[in-house]
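> Requesting a structural model of the entry that follows:
(chains A, B, C and D)
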Amino acid sequence: MTENEVVSLAELMIVAASEAWRDNGEILASGIGVIPRIGASLAKLTHSPELLMTDSEAFLVSEPVPLGARGDYQPKYEGYLSFERVFECVWGGKRHAMIGPTQIDRWGQTNLSSVGPYDKPKSAILGVRGLPGNSINHINSMIVPNHGPRVFVSGEVDMVSGVGYKPERWAPGMKQDFVDIRLVVTDLCVMDFGGPDHAPRVKSLHPGVSFEQVQAATGFPLLQAPGMGETPMPTAGQLAVIRRMDPHNLRALQLKGNPPAVRTAAAA
Amino acid sequence: MTENEVVSLAELMIVAASEAWRDNGEILASGIGVIPRIGASLAKLTHSPELLMTDSEAFLVSEPVPLGARGDYQPKYEGYLSFERVFECVWGGKRHAMIGPTQIDRWGQTNLSSVGPYDKPKSAILGVRGLPGNSINHINSMIVPNHGPRVFVSGEVDMVSGVGYKPERWAPGMKQDFVDIRLVVTDLCVMDFGGPDHAPRVKSLHPGVSFEQVQAATGFPLLQAPGMGETPMPTAGQLAVIRRMDPHNLRALQLKGNPPAVRTAAAA
Amino acid sequence: MNKELSAAQAVSQLRDGMTLGIGGWGPRRKPMALVREILRSPLKNLTVVSYGGPDVGMLCAAGKVKKLIYAFVTMDAIPLEPWFRKARESAAMDVMELDEGMFEWGLRAAGMRMSFLPTRCGLATDVLARNPSLKTIQSPYGDGEVYLAMPALKLDAALIHVNEADRLGNTLLRGADTFFDHLYARAADATYVSTEVLRERFELDADTAKQNPFERYLVKGVVHAPLGAHPTYLGPDYGWDMDHLKRYNASATEEGGWEKYVAEFVAPGESEYLAKIGGPERAAKLKQPVF
Amino acid sequence: MNKELSAAQAVSQLRDGMTLGIGGWGPRRKPMALVREILRSPLKNLTVVSYGGPDVGMLCAAGKVKKLIYAFVTMDAIPLEPWFRKARESAAMDVMELDEGMFEWGLRAAGMRMSFLPTRCGLATDVLARNPSLKTIQSPYGDGEVYLAMPALKLDAALIHVNEADRLGNTLLRGADTFFDHLYARAADATYVSTEVLRERFELDADTAKQNPFERYLVKGVVHAPLGAHPTYLGPDYGWDMDHLKRYNASATEEGGWEKYVAEFVAPGESEYLAKIGGPERAAKLKQPVF
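Model (predicted):
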């Protein structure tokens, strides 16, 4: 730690994200975006070496690929996973993806398509992408770098892209068995949908954050998970892996102002 | 023509078979077995250069591959067609296959599976293979080296492997549009299913063969196609191509005793 | 057997109102030379079927899109495609928004000449709710599971860019991933291929022949278009042109930006285009993206 | 992460009554070393799912097959598989006879964890009539077409032979065609791979990595079995052994022929087998078949 001895919130979130892939077994870990990808890499390099990862294009690698320009680094190919095969992986359920949706609701439903009225949206985003298929077929987690009521909406998300646990959405005969939303890692806390009837709850609060603060920033009621504690700080070993996986420090650009992991009252 | 100046019946059948692929457009020509394969090769090398052919394994070749040991000959690859892609070709309808079924009935249905009672067959053959899918999806023709009532059965074939024109087999909603049985080339004649309601008929008789003789060797009634004539003899040019495609003279082994194209009364 | 066409000849075979599939994926291997030729043509009222990138954005900007069938539109490094957004937010076109896998399944159904294929993808989402024409279907077996019946995405024509082709319509794709272009080709009545390198007639070794993504009977026209995927990237031949993509992206925030972009890059024709982007010399320097 | 097993260990993980998929195609790349290990085991009452060759024949000869799911059984050069025929003609097993494409579709449905996939293949044939459990399904769209609903062919285990593997379960197939082995692997709860060459851990270049047919999470066990496809052929490593196939074929017409074949080639174990067939020296001389 030369330029900055202070552990960043992004680093704390990376470690929290990596926990999503613990004890998943031998599946494809897809962390989409900087924090999830470093999180998945950290998982594979520490507690879960059995995970499969790609070079974010078409090859399976035996070692996570560092982010950004690689210099002399050569990805270590162990196999092939074209987009077409990723779909087969998805339909077979052998994947756990973590992405950052634009909206999330109390049922775990996500939106990556558009905000506002569907026919003439206020904001068109990407489209539903693979969320419908991912969410109904395999484990999913989420990253939210800006925990607030615009992400965690009070009603239903504007365009349900990823499925969740809202009973009215499931007609008789539709198979909900594979829906498995694991973790939601935000800049305030770690959440899951492990309450009664899949109610959302806070599993851990980041250092210096209160439950009330999280609830105030969330458009729907939250429960406190039994044993809700503080999100663990990264260890020195984890930080070393994170630095190796992100040599250009792209993680510092993920949260506005790159805040420290331990908030002061002012920072919160 | 050194050792044998006489044109063989197999050669006549090869030329007749090659006619099946005339004016098919740009599709895959699959001649399964010696006579159909040389026939398809002859078609591509003479009247229909647009046809696609494979090396009988996984590659598309721009020039038909000669039969048997190849010596120095290197197949001329122009593309790829694995078995999995052959199925896509079949389902897309872009193929015309010619095979030799064990049984054929008056409706054009074929059997390659078993003869006798299905549960305990007198003779188990190969299985239905791809006949159900081929016959319902693309053009098909047939080769019969031993025209007789055991092949052209009086009733229905014992195990319908390839579909045909029997109305009772088609429940409402089943799409029969792609069924297209073209030619049946036998050691006696060339037939099709171009009569009223797809009734089978003789299109041409091989030299020295009478319609009555064909009818007597067939388990169901035949019509005479308008203009039914004599199956054309191979030209010198066609024979040259045939010899080039079949340098080991495998065609001589296809019909018992390798009879000449022009039968004498005794031969008939 | 010679299927070579100019880009203009290929586009002249398309008709107003057609359903057009465009191969590639986002900013990857898009048949941009053919897209530019459409921009130069009077073609209109298209239904565009695409894993969308700037192909979709430019056709939207030019007002050519009556309906868009898509799962996303993005340029990856520039996540939000500006002209797609404008068209979408101004309700300038009809949309059929699909899950990526449903999209694939729809192409596959069309290639098999089937009316639908069942899938779990899309159930319990607004993809089902926002596409009231979509129907479900129940397994006839004991499980009785209800699937979404993804209808065939039948294409009048498909546009695909490849690394190499011959005049007979044989093609090669050399990149790490061929995406879903073979399914576009199978789903289409007519496939037009643009190619970096055009040969008279392939004579391939076995390893190279395996790079052939679909059979030549699917190909109706072959257009020789070097750098024809620019500004998207073509593995392993050249990378994406981020400067150009930024220039294009900026056109959406300038007054009259699209007209200026067209005047500078599209209207003068493809050889002018290649000169303006710096020709093969510059293309050789474009780096493959690192993800 | 070390999935290496002996053939006996792999077979000991199978159970009586299991549904077993066997990769390859007819006389091509069959996992014969694993099949021989099953012949040596007390395993019985198997449901075998195979594009069948001598794998099916030998399991039939040994009375291990309770039910056969197949589209054909053949050794190509010897078209009629002798022991399959005997079992079939003596009604010694149940059968589900399918079109080749239905068979593929059934594996694919299982790999997608779906209960069925629709297809036109099999309609209007005795495949439908002779398999009364098969059902049809009607398109919910305007066409109303009726398809055959091919049920998933879910496998308890799949056996596959590959050119190369590592101890993690990564595999390579180097032949001209990979057949449908990826679908067997996806359809199975557990895939056991036998391999010519076993590595500690792959470090591949990109071109070689493309020869990886399916992901290692599908692989439960890796068995090092040089010449493990013999007497079938393994492109490009060795050809089929026609002498051996003829010897095997003749066993069906001799009195006590199967017992003699087993005594000579199966019972003594795999290293004896390799010695008897002439070992690597002879394998190196086996020619790839010419079709």
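> For the rest of this, base every contact and every neighbour count on C-alpha atoms.
Fine.
> separation between A:Gly133 and C:Tyr51?
Separation of A:Gly133 from C:Tyr51 (CA to CA, to the nearest Å): 15 Å.
> before we move on, what about C:Gly57?
Look at C:Gly57 and C:Tyr51: by CA to CA, they are 12 Å apart.
> neighbour-wise, which of these two wins?
Per other CA atoms under 10 Å in any protein chain shown, whichever of C:Gly57 and C:Tyr51 has more neighbours is C:Tyr51, with 28 against 24.
> So the residue lying closest to C:Arg186 once chain neighbours are set aside versus C:Leu172, what's the distance?
Nearest non-adjacent residue to C:Arg186, counting by CA to CA, 6 or more residues apart in numbering or on different chains: C:Gly111, 4.5 Å away. As defined by CA to CA, C:Gly111 lies at a distance of 20 Å from C:Leu172.
> what's the answer for A:Ser154, then?
In terms of CA to CA, A:Ser154 sits 51 Å off from C:Leu172.
> So for the two, which residue has more residues nearby?
The neighbour count for A:Ser154 versus C:Leu172, taken as other CA under 10 Å, is higher for C:Leu172 (25 against 15).
> isn't that one right up against C:Pro213?
Yes: at 6.5 Å, C:Leu172 counts as touching C:Pro213 under the criterion of CA atoms under 8 Å.
> Doesn't C:Ala158 lie inside a helix?
No: using DSSP: H, G, I helix; E, B strand; the rest coil, the secondary structure at C:Ala158 is strand, not a helix.
> Can you tell me who it pairs with across the strands?
C:Gly21, C:Thr191 (DSSP bridges).
> same deal with the one 4 residues further on?
Bridge pairing for C:Val162 (DSSP bridges) gives the partners C:Thr195.
> from memory A:Met233 sits against A:Leu12, does it?
Yes: counting by CA under 8 Å, a contact exists between A:Met233 and A:Leu12, whose distance comes to 5.8 Å.
> Mind listing the shared neighbours of those two?
Residues touching both A:Met233 and A:Leu12 by CA atoms under 8 Å, 6 or more residues apart in numbering or on different chains: A:Ala261.
> For C:Phe265, which three-state class applies?
Applying three-state DSSP: C:Phe265 is helix.
> quick one: it from chain D, how far?
36 Å (CA to the nearest CA, to the nearest Å).
> Tell me where the chain has strands.
No chain in the question, so chain A it is. A:28-31, A:53-54, A:59-61, A:77-80, A:95-99, A:103-104, A:110-111, A:114-115, A:123-124, A:139-144, A:180-186, A:189-192, A:201-205, A:223-230 (DSSP state E).
> Please refer instead to chain C.
So, for chain C - with DSSP E - the strands run C:4-5, C:19-22, C:46-52, C:65-73, C:94-97, C:116-119, C:135-138, C:146-151, C:155-166, C:171-172, C:188-199, C:219-224.
> To A:Ser204, which of these lies closest?
Proximity of those to A:Ser204 was assessed by CA to CA; the nearest stretch is strand C:65-73, lying at 33.8 Å.
> Briefly note if that closest one comes near chain A.
Yes: residues of strand C:65-73 are located near chain A by CA under 8 Å from any CA of the partner chain, namely C:Tyr70, C:Ala71, C:Phe72, C:Val73.
> From chain B, how far off is the closest residue to C:Val266 other than its chain neighbours?
Counting by CA to CA, 6+ apart, C:Val266 lies nearest to C:Arg36, which is 6.2 Å off, once chain neighbours are set aside. Distance from C:Arg36 to chain B, counting by CA to the nearest CA: 29 Å.
> ditto for C:Tyr51
22 Å.
> residues contacting that residue?
Neighbours of C:Tyr51 in contact, by CA under 8 Å, 6+ apart: C:Ile22, C:Gly23, C:Gly24, C:Trp25, C:Gly26, C:Tyr70, C:Ala71, C:Phe72, C:Val73, C:Glu100.
> 10 Å instead, please
A:129, C:21-28, C:30, C:69-74, C:100, C:103-104, C:179-180 (CA atoms under 10 Å, 6 or more residues apart in numbering or on different chains).
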